[in-house]
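*Asks:* Return atomic coordinates for the entry below.
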Amino acid sequence: MKKLLLLLPIIFIISSCGYSSYNECTKEEIRKNDGKSNSSIFSYCREKFPKNTQSILLRHEVDYGMTVSSNGELEISNYSDQSIRVVKVVPVKCGDSKKINWDDERNYMAGKSVFPGYSSKVVTYTDWSPNNNFCFYYHVRT
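*Replies:* You can find the predicted model right below:
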């Protein structure tokens, strides 16, 4: 009985050491679950090892494309391997230069994402037409 009482704290200490990485965590948790994966395992391991959530500024015509329809609807296409979570658009008269403080501009993707390989409507400018000489500045981030 004394050996069992001594053995229990040792087992507890060894088992509480934890995992060293997200991959190790998911691998071991799936193994413990008879080789079956589920969303709870990935959520548990992501909680232990959060992703780097630093936002990255994407490049127009490299990481994403923006199209404007004849009725003023802007649509973004995601060419990157990251989800787009921030899209800010400022309409200007073509040829005019404008100093823009992007922190003050509206994020049209707030609460939404554009996944890699997908497209999404961003905003519609009802006063826009192909003949009114308007251009757009874009600020797009992951």
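
*Asks:* hey, let's count contacts and neighbours off CA atoms from now on
*Replies:* Noted.

*Asks:* Check which helix or strand Arg46 maps to.
*Replies:* Take DSSP states H and E as the rule and Arg46 turns out to sit in helix 39-48.

*Asks:* Pull the contacting residues for the residue minimising distance to the centre of the chain.
*Replies:* In the chain, the centroid-proximal residue (CA atoms, centre = their mean) is Ser83; its distance is 4.1 Å. Contact analysis of Ser83 by CA atoms under 8 Å, 6 or more residues apart in numbering lists Ser113, Val114, Phe115, Pro116, Thr142.

*Asks:* nearest spatial neighbour of the last one, skipping sequence neighbours?
*Replies:* What that stands for is Thr142. Ile84 (4.4 Å; CA to CA, 6 or more residues apart in numbering).

*Asks:* Does that neighbour touch Asn78 like I think?
*Replies:* Yes. With contacts counted by CA atoms under 8 Å, Ile84 reaches Asn78, the gap being 7.2 Å.
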